[in-house]
Structure formats: C-alpha cells, structure tokens
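**Q** My questions are about this predicted structure, shown below with the sequence.
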Amino acid sequence: MNKQESFDIAINNGMVLDPLTRFYGRANVGISKGIIKMIADGAELLAGKKQIDAKGLVIAPGFINIHGHDCGAGVGAEFHVRDGITTEITGNCGKSGTFFEIAGIKDRPHHPIRDFFTTMEKEGLIINVASFIGHNTIREAAGAKDPNKPATPAQLKEMFSLVSQELESGGIGMSFGPFYAPGATFEEMATVAAHAEKLGGAASMHVRYAGPSPKDIEAVEEAIRISRESSIPLTISHRGGSIVTRRNTGIALELIVTARNEGVKVTTDQTPFTAGTAIIGGEFFNQPLEPLAEMMGVNVSELECPTTVVVDGKTIIKANERFSSFEQFYTVRDRVRDGTIAEPTLLFHLHKPEFIWLYYSAPFTMVENDDAIYMDVNSGKYGGHPRGAGAFAHFLGHWVREMGVCDLITGVSKCSTTAAVWLGLKQKGRVQVGCDADLTLFDPKTIMNGATFLEPGIPSRGIPYVIVGGVVAVDQGKLTGSKSGKVIRRSWKVTGDLPDIARAPEININALQSRSAG
C-alpha cells in the first residue's frame, strides 16, 4: 500500500461510476469528514481507518428517492438505505412531511415544516431527507378543510403567506395532489405554483384523474399547463399518476416531450413494478365492475390473489392465481364484506411492462419507490408494497441488467444524478472530489429486490455497502445503526435542469477531481 494520507474511509479495487462525466472505470475513493477527498487511479491504493475492498462492486452516487413518503428514520428508512437510497425527497402527493405515521416514529408534525425538520433531527436520521410542501396541507391550514370545495379568496391569500413561510423554512418546493383534493382548481394551483417559483421552489404533482379516458390525458395536460404558466419546474408523479394512462401512454408521453421541446420544465418519475395492491373490500370495488373495466381498458384477469381463498370448505381461488371471471371476484369480495373470510391481499396488474419500458426509455423519467415498509403493531409483521424495500434494486437488476432498458450509467443516473441536478442538489448525485460522501456500492451482476407482496420486509440483494454523509450505514449488507443523515433545507433556486447523460464519454479520471456544476 502506498504511503500517503489516511482517510476516514478508503474504498479500493472498485469501479467508480459517475454519470455526469460518464466515467466508469477502476478507481479508489478516499473519504474524510463526510466529503470525497480523493479519487485515485486504481493502481494507487488508499489507506483509511475503515477499509472497504470493493472488488466486483460499482461505486455509485447514493440513490435519491425523488418521490418518497418516508421520514428518513425508523423502519422505512432501514429498508430504504439497504436499497441504496441515501436521500429521501418526501412531502409528495399534496401532503407535507410523510404519510406514514405508523412507520416507527411518533409525533412528527407535518406543518409547519420547520417542526417536522426539527423533530426528525432530534430522532436521528438514517438517510438524508428533504421535503416538498403539500398544497393540500397548506389548504387545510388556511381554512379550506373540505377537499371537495374551492378555496375562497381570503383562504388563497392565507396560502400565499403559509407557502412563503414553509419555503423560507427550507421546503424544496410545492407538491400538488388534486387527486386527493378535487376542489383545488387549476387557477388556485397555478397561482400557488407561480408564487412558489418566485421563491425558488420546484413542484411535483399527483394528477387530478385516474380516469376514465380522456380524463387521464386532461389531467396530464393540466399538470403541463401549470408548469408552463407558472414557469415552475414540475415532476408529474407516477408517469401521470393514472390507472388509465396506460391506454394513452403514447399520447401522454408525446405531450410531455412536446412541452419539453417548447421549453416547459416538466419531468416524470415511475416505480419499476408492474403490479400494485388494492383493497378488495374497498369503495372502489363497490360497483358493477364490467362496465368500469371496459371503460378503463382492463380485464378481471389482471387481478391476482397471492393467497388461497376458501369459502365453506370450497377453494374459490388458489394462491398466485388470477381471477377468471367477475363472478369469482364478486364471490370473494362479498365474503370479505360480510365477514365470512379474512380480507386477502389483492394484486392489480395494471402497469404493463411495455409501458414501463417506454417511460424509462425517456431521458426525463426518474426512479421512485412511492412507499415505505412499516411494522404492523398488531401482528408484528412487515407491511407495505415490495417497492418500499426494493424499488431501486429491482430497477437496476430487472430493468437495466435483465431487460436492457438503458445502459448502466444511464440507469444509475435515473436512480440518483438526474434527481440531484433537477433539484439543484449540487453536492449529491456525483462521485467527484469535493462532493458529499453519499455512496452506494453494488454488485451489477447480482443486485435485485428481495421483497415480495407476501413478504415485503425482505431487503435488497447485491448492495453490501451504503455510505451516508461519510459514515458507513450498511456494512456487508447489515445495518450499522448509524444516524448520519441530515435534513436538507433548500437555500437555492431550483432551476429544473436535466443532465446530458448521453454526451460523449469522459475517459480521463481527471474529470472527477472537482465537482461538476452540471
């Protein structure tokens, strides 16, 4: 080993991958005081108090969950960090902070956001956390408590004051959720968005309609129009946020591409799973489903039951089978409602692989998980969608390695760098000297999600090391108990730029020796 400075952490023998420069080659990384201090040629081994042999591993920028609902601490964050996530962007879908009060931390105020930040700092963060300011949260605080009614002029005026307060407290921008507050008019959201843009914030939006067609397209058009008229950089959540958009995927994607070509700063994010979960006894299924399925362009065979259902000694559907008829589905639904049987998990195979492929092929689509694993206090079992534990590993393992939707450099950018540049996180999403030491080390040959719908609490595979703020948070696949995450309070104007990952590759390691401003 060469005689030289000893770092807090020395990572040797790995393959450094930096999407901004397209550098992907053998190099060694020295970390001290939470910062990447040196990136040396692979032949120059580095000394450190903590030595990591990264042979066979990619040294990548820590993943950024552009659309999260966790607080950066507790059970949810334990699974997120083991999925390679080092920064959580929460406060999406119109609600400040996080949806998951059951995720292991109590008394986490969502409003004002400064209290949420302070609470999380006191609890201790496993990963970094930033938060959008939820428009629906602001509406309620301003007195517009009925989500189905428009705000009054006096309430809108109060919203302006609250938005100013929240963004000045460090909110990353505004999140809109008209799907959950249909009373929010376009004029109200556009006006609030313009005010937030003047204060330097970005935006995300869970669009207004899940259908029927053409409502899904109208919802995407509304989101684009808000970005166009307010000039705010806006991410359309869940590739349009719609169940029905799959029928109109090409149309929705074309709208976004056209808008971007016209200078509108709009992007999308998407989870990498084809199925979601549904509540079979819920209100959505309390209606004749045949006309609804026809209108939505779906079929009963896209509903799956992962557990066997038995009624009066007769097997109605076997485990991992899809429903073969509406009558079969109604039998299970009605027995759940009258209490004859326990409610089984219901999988909804709505997101066809070809449409997920199409969106991930777009340079402006980022990876999200939109979930968090939690511990059920009654059963002691983990709950949630498997994406809450393994979305990023599933994307890189299935979509990148197995399906070839993009090259590895582009795939890592979709997990990290694109979000960092879009939100203006100039110290993150990069493996460059002077940047924050948030790093994810993974095996490109084995990385894959471990979680399933029946067992969502299984961590991802092939991610043996994760470093947050210069501290090892995952060591040989195990949690270290570190709480080195930080609250990210925005103090800059979000410009809504995207990196040009497709540019000609840099082959010189010197490209990594100073932080890129791109």
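**A** Cool, got the structure.

**Q** Quick one: neighbours of Glu44, just the number.
**A** Look at Glu44: counted by other CB atoms under 10 Å, it has 14 neighbours. From N, CA and C alone the C-beta is placed, and that goes for glycine too.

**Q** With Ala437 as the reference, measure out to it.
**A** 19 Å (CB to CB, to the nearest Å).

**Q** One more: Asp497?
**A** From Asp497 over to Ala437 (counting by CB to CB), the distance is 24 Å.

**Q** Same check on His394?
**A** Relative to Ala437, and taking CB to CB, His394 is found at 26 Å.

**Q** Which parts of the stretch 251-400 of the chain are strands?
**A** Remark: strands assigned in the stretch 251-400 of the chain by DSSP state E, counting those that start in this stretch are 266-270, 276-278, 303-305, 309-311, 314-317, 321-322, 346-348, 365-367, 374-375, 382-383.

**Q** can I see the domain layout of the protein?
**A** According to automatic domain parsing, the chain comprises the domains 6-61+434-488+507-512, 63-275+350-423, 276-348.

**Q** Can you tell me which of those domains is most buried?
**A** Highest mean neighbour count among these (mean count of other CB atoms under 10 Å): domain 63-275+350-423, with a mean of 22.

**Q** what's the span of that domain from first residue to last?
**A** Start and end residues of domain 63-275+350-423 are separated by 14 Å (CA to CA, to the nearest Å).

**Q** mind checking how far that domain is from the chain centre?
**A** When distances are taken as CA atoms, centre = their mean, to the nearest Å, domain 63-275+350-423 is centred 7 Å away from the chain's centroid.

**Q** quick one, what contacts the residue nearest the centre of the chain?
**A** The chain has Glu368 as the residue nearest its centroid, 2.6 Å off, counting by CA atoms, centre = their mean. The contact partners of Glu368, by CB atoms under 8 Å, 6 or more residues apart in numbering, come to 65-68, 237-238, 269-271, 391.

**Q** Among those, which are located in helices?
**A** Ala391 (DSSP state H).

**Q** can you map out the helices along the stretch 101-250 of the chain?
**A** 113-123, 135-141, 153-168, 186-198, 215-230, 249-261 (DSSP state H, counting those that start in this stretch).

**Q** Name the residues that touch the last one?
**A** Outside of helix 249-261, the residues within contact range by CB under 8 Å, 6+ apart are 216-217, 220-221, 224, 227-228, 236, 239-240, 242, 245, 266, 268, 355, 358-359, 362, 364.

**Q** what angle do it and strand 266-270 make?
**A** With axes from the mean of the first three to the mean of the last three CA atoms, to 10 degrees defining the directions, helix 249-261 sits at 140 degrees from strand 266-270.

**Q** Equivalent analysis for the fourth one, please.
**A** Our comparison of helix 186-198 with strand 266-270, counting by the same axes, to 10 degrees, yields an angle of 100 degrees.

**Q** packing partners for helix 186-198?
**A** Applying 3 or more CB pairs under 8 Å, 6 or more residues apart in numbering; DSSP states H and E, one finds that helix 186-198 contacts helix 135-141, helix 153-168, strand 173-176, strand 202-205, helix 215-230.

**Q** among these, which is nearest Ala196?
**A** strand 173-176 (4.5 Å; CB to CB).

**Q** Sheet partners, orientation included, of the closest one?
**A** If you go by DSSP bridges, strand 173-176 pairs up with strand 133-134 (parallel), strand 202-205 (parallel).

**Q** for the longest one, what is the average pLDDT?
**A** To tie it back to what came earlier, the one meant is strand 202-205. Across strand 202-205, pLDDT averages out at 97.
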